[in-house]
Every structure is written in structure tokens, then in C-alpha cells.
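A.B. asks: structure of the sequence below:
(one chain, ligands or ions: 1)
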Amino acid sequence: MTASPDELLLKVMMDPAAIADPHSIYKELRETAPIFKTAMGDTWVISGFENSRALLRDPRCGSPMDDEASMSRVAVDGSERRSRTGDARPMLFMNPPDHTRVRGLVSRAFTPRRVEQLRGEVVAMTDGLLDQLDGEGDFVEAVAFPLPANVISALVGVPEEDRDWLRPLIADLVPTLEPTATAEVMEKADAAGEQSGEYLQKLIATRRADPKDDMLSALIQASDGEDRLSEAEVQANIFLIYAAGFETTTHLLANMVRQFVAHPDQLQKVRDDRSLIPNAVEEILRFDPPVQLDGRFVFEDIEIDGVTIEKGSSIITLLAGANRDPAICDNPESFDVTRDDVQLMSFGSGIHYCLGAALARLEAQVVLERLLDRYEHWEITAEPVWQARITIRGVEGLDVKFR
Ligand code: HEM
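C.D. replies: Numbering: from 1, shown residues only. As a prediction, the model looks like this:
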């Protein structure tokens, strides 16, 4: 008996085997139920590229309009919990015109120039971490986690002595983005939100009194005429940037090693022609994206492909499914670092398009380059264990041997 779209969706969210390899499910959904309404309430699931892009860009979709500042939604058991991270929403959960104003101001502090200036520092940090790994051990613990965490800390301006304390608190907030988040996850996030919120408030006050050359100081100062970010907006968005900046990139780096070990012929191609590095990173992002789901709330009825998505519904777009839509690329199931038709949904689309995309790409390119410089043979020595998560999907650890 074939599974219903609802069963497939549940599987991809809950079943460890499906989380480890969700692509056949995305494919089946794309082919048999590209837009479907779930039995779990007013939620619609979209798996093709064009429809995902259209809906993520549609001004009739956005964040639910309630006044509570929130990094979380409803727990899987139905209990309403809000993991507050301050008195403002981060931009990810804002709608225009507030989103436009806040994103504009934050973008001023997060310029391509600021990202490119970090290249030297990213190279030095990568080399330091690879030295410590010394060719063997858990790549996630040794490189893929600390690198983005240190880079984002340096960018934002979190002092070195506070980073080890702050990181696990931020890590407790991230699982609230999962559709399967439990009340326990939410409770842990509440406590983490409170503690880290107090810390950030103090740090903001310190930087206000004594600005430095970091993003926190730039955000405090960012202004457009009379317009400035409020204290609460600075706090909420620093939180977002900090949290968005490491788990996602951690998984990108681990996925990169996994895919090249699985496809040694593709690794050889990049080794033979280093100019393929940027393209190879795009292909990793397409083939194995760290963020698999994105979501929106629907403000007005929307007609799409002959279906009406009613006002008041929620939408889940399957980003990883969209990336492998045969309508936008040839042989989507094959991993090919030379393909010239990469179109990505991995960073979302429209007004919430990932603000950190250039930084994530930079880190992956540097790590790939440094690994190529150092090691000819890449090996994974134990079957990786997947975290039980699908919105931000990745392995717990990755035991490697590089020679
Ligand atoms: C491989 C790494 C990354 C992936 C796959 C990723 C993915 C995404 C996605 C899918 C969105 C859109 C969310 C939506 O439409 O609701 C997003 C938004 C965002 N990302 Fe990333 N991200 C990554 C790295 C980063 C980094 C390194 C930063 C910061 C340094 C960052 C900061 C943000 C911010 C601030 C937003 C919200 C933008 C807005 O609401 O206007 N991301 N990201």
C-alpha cells in the first residue's frame, strides 16, 4: 500500500531513517502531491521550486500577526508556548513595513564589505582548528561547529571569554523552529532566552558607552535619518544573527565533507580545478541544504496551480525538495560540481532571503580550499547519527580520517 502525503510528511519529520535520507520522500511528494493540505489542521505543504518561490515571495504571506515577541510557535503537543527573547520580534518574524525598516538598518551593519574583510580571519581560524583536528577525530566538534560560532562571535563582537557560556544557550533556542518541538524544548528555550537576553542587554549597554569595530556597535549606531533601531530591536536581531549564524553553517560544512566522501570523483574534479570551488559549494547547498523547511502564514486567499489556499492557513515549503525539482535542473538527483544550472531555495526567497548567505558561502569555500591543500584522502570512519530535526537538519558528529 502506498503512503498518503500526510504519512510521508510525518515520516520525514519523525522517522530517523527518513530524516537520514529524506530525498525520496520529497520526490514522491513533488510527483504525487505537489501542493496538499495536511490532516493536521490548516497547513499546506508545497514541494516544487516555482510554487515555493512564488509563495515565499507573495506579500499575502508572512508571519502571524500577534503582538508577542517570539522565537517559537506551538509545541507539537498543542500547548502554546512563547520563548521570549526580548520585547521585539527578530526580523525573521516581522512583516513589512517594520521588516523593511529593520532589515534595511541591519543590512547597513552587515555589508558585503564587512563579510569580505573577514576572509583572512576565517582562513586563520580554519587553519587553527584543522591543526587541532590533526587529520583525525570528530569534524563537527573540531571544525564545523567552532568555526561558524567563532566567526559569528567575532563579527557580532561577543568577547572571547563569554563565547563558551553563550553558545549552548543559543543552541537551546534553535530547536524551537522545529515543527516537532515539544513543551520541554520550549521550556528549555524560555530559560535560555531569559539568561542570554540579560547578557545581551548588558553587552549592548557596554558597547553603547564604548563602541568598537563590530556589528553590535554598528547596529546600535545604524540609523536612517531619524530612524534608529530600538534597544529591543537591536537585541532581537543580534540574537537572530547569532543563532542563524552557526548551526546552519555547521551543517553545511559537515554536509560538504559527507558529500565529497560519498562522491570521490567530484572531489577529484575540484582538486584538479580549484576554480570549481565556488560552484562546488553551490552544488552542496543545492543537493544537501541545512535548512529543509520554511514556513509562512496566509493573510488572504491565494490561488495557486488551481488550488485555493485559504486565508488563515499556514504553509510549509520543502526547500530541499524544491532544489531537486526536475523542472529547474537536469538530473537533479545527481551530485555534480560542474553543473551550471544551480538554482537554490536553500536560503529562502523574497524579503526574508538569508542575510548571511555570503558569509556561509565564504566559510564553506575556505574550509574546502584548506582541506584540499592539506589532505588527499578523506574518509568517514563511523556511520553518522542524525539529529532528530528537519527544519535545521544535520548530523550530531562526523568521525573522519584525513590523510
Ligand atoms: C548554510 C548556512 C545558512 C542557511 C542554509 C540559511 C538559511 C536561511 C533561510 C532559509 C532563511 C529564510 C527564512 C525565511 O524565509 O523564513 C534565512 C534567513 C536569515 N538568515 Fe540564514 N542561513 C544560513 C546562514 C546564515 C548566517 C551565517 C547568518 C548570519 C550571519 C544568517 C542570517 C539570517 C538572517 C538574519 C535571516 C532573516 C532575514 C530576514 O528575515 O529578512 N544565516 N537563512
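
A.B. asks: buried set for stretch 337-352?
C.D. replies: Under the neighbour-count criterion of 16 or more other C-beta atoms under 10 Å, stretch 337-352 has 337, 339, 342, 344-349, 351-352 buried. C-beta here means a position set from N, CA and C on the backbone, and glycine is covered the same way.

A.B. asks: swap in stretch 45-63?
C.D. replies: Result for stretch 45-63 [16+ other C-beta under 10 Å]: buried residues 45-49, 51-56, 58, 61-63.

A.B. asks: what subset of these is also close to the ligand?
C.D. replies: Restricting the buried residues of stretch 45-63 to those near the ligand by C-beta under 6 Å from any ligand atom leaves Leu56.

A.B. asks: out of the buried residues of stretch 45-63, which comes closest to Thr391?
C.D. replies: Val45 (13.5 Å; C-beta to C-beta).

A.B. asks: which residue does this protein bring closest to the ligand?
C.D. replies: Gly356 (1.9 Å; C-beta to the nearest ligand atom).

A.B. asks: please report phi then psi for that residue.
C.D. replies: When read as degrees, to the nearest 10, the backbone of Gly356 gives phi -100, psi 10.

A.B. asks: local confidence estimate at it?
C.D. replies: The model reports Gly356 with a pLDDT of 95.

A.B. asks: ok, Glu376 next?
C.D. replies: For Glu376, pLDDT reads 96.

A.B. asks: offset the numbering so it begins at 33, please.
C.D. replies: Taking 33 as the first residue, the last one we looked at is Glu408.

A.B. asks: could you report the distance from Glu332 to Asn287?
C.D. replies: 37 Å (C-beta to C-beta, to the nearest Å).

A.B. asks: please say which of those two ends up with more neighbours.
C.D. replies: Neighbours of Glu332 and Asn287, each counted by other C-beta atoms under 10 Å, are more numerous for Asn287; the result is 22 against 12.

A.B. asks: I'd say the more buried one and Gln324 touch.
C.D. replies: No - Asn287 is not in contact with Gln324 according to C-beta atoms under 8 Å; the separation is 11.5 Å.

A.B. asks: check what contacts stretch 363-370 and list those residues.
C.D. replies: 55, 59, 291, 294-295, 298, 301-302, 308, 311-312, 315, 319, 355-358 (C-beta atoms under 8 Å, 6 or more residues apart in numbering).

A.B. asks: could you list which residues are in contact with the one residue sitting closest to the centre of the chain?
C.D. replies: The chain has Thr280 as the residue nearest its centroid, 4.0 Å off, counting by C-alpha atoms, centre = their mean. For Thr280, the contact set (C-beta under 8 Å, 6+ apart) comprises 180, 322-323, 388, 392, 424.

A.B. asks: tell me the helix or strand right after the helix or strand of the chain with the lowest mean pLDDT.
C.D. replies: Sorting the helices and strands of the chain by mean pLDDT, DSSP states H and E puts strand 255-256 at the bottom, at a mean of 70. Sequence order places strand 259-260 as the next helix or strand after strand 255-256, per DSSP states H and E.

A.B. asks: that following strand pairs with which strands, parallel or anti?
C.D. replies: Strand 259-260 has the following strand partners under DSSP bridges: strand 255-256 (antiparallel).

A.B. asks: point out the residues in the stretch 283-432 of the chain that sit beside the ligand.
C.D. replies: So far as C-beta under 6 Å from any ligand atom goes, the stretch 283-432 of the chain lies against the ligand at 284, 321-323, 326, 378-380, 383-384, 386-388, 391-392.

A.B. asks: farthest-separated two in these?
C.D. replies: Top of the distance list for these (C-beta to C-beta): Leu284 and Ile383, 22.7 Å.

A.B. asks: before we move on, the earlier item: element containing the residue nearest to the centre of the chain?
C.D. replies: helix 263-294.

A.B. asks: and the angle for the helix or strand just after that helix with helix 263-294?
C.D. replies: Remark: after helix 263-294, the chain's next helix or strand is helix 296-304, criterion DSSP H and E. Comparing the axes of helix 296-304 and helix 263-294 via axes from the mean of the first three to the mean of the last three C-alpha atoms, to 10 degrees yields an angle of 110 degrees.

A.B. asks: what packs against helix 296-304?
C.D. replies: helix 263-294, helix 309-319, helix 389-406 (3 or more C-beta pairs under 8 Å, 6 or more residues apart in numbering; DSSP states H and E).

A.B. asks: chain neighbours aside, what residue packs nearest to Asn287?
C.D. replies: Sequence neighbours aside, Asp320 is the residue nearest to Asn287 in space, at 4.2 Å (criterion: C-beta to C-beta, 6 or more residues apart in numbering).

A.B. asks: does that neighbour touch Gln291 like I think?
C.D. replies: Yes - Asp320 lies in contact with Gln291 (C-beta under 8 Å); the separation is 5.7 Å.

A.B. asks: between the two, which one's more packed in?
C.D. replies: Neighbours were counted for Asp320 and for Gln291 using other C-beta under 10 Å; Asp320 has more, 23 against 18.

A.B. asks: quick one, what contacts the more buried one?
C.D. replies: Here Asp320 is in contact with 287, 290-291, 352 (C-beta under 8 Å, 6+ apart).
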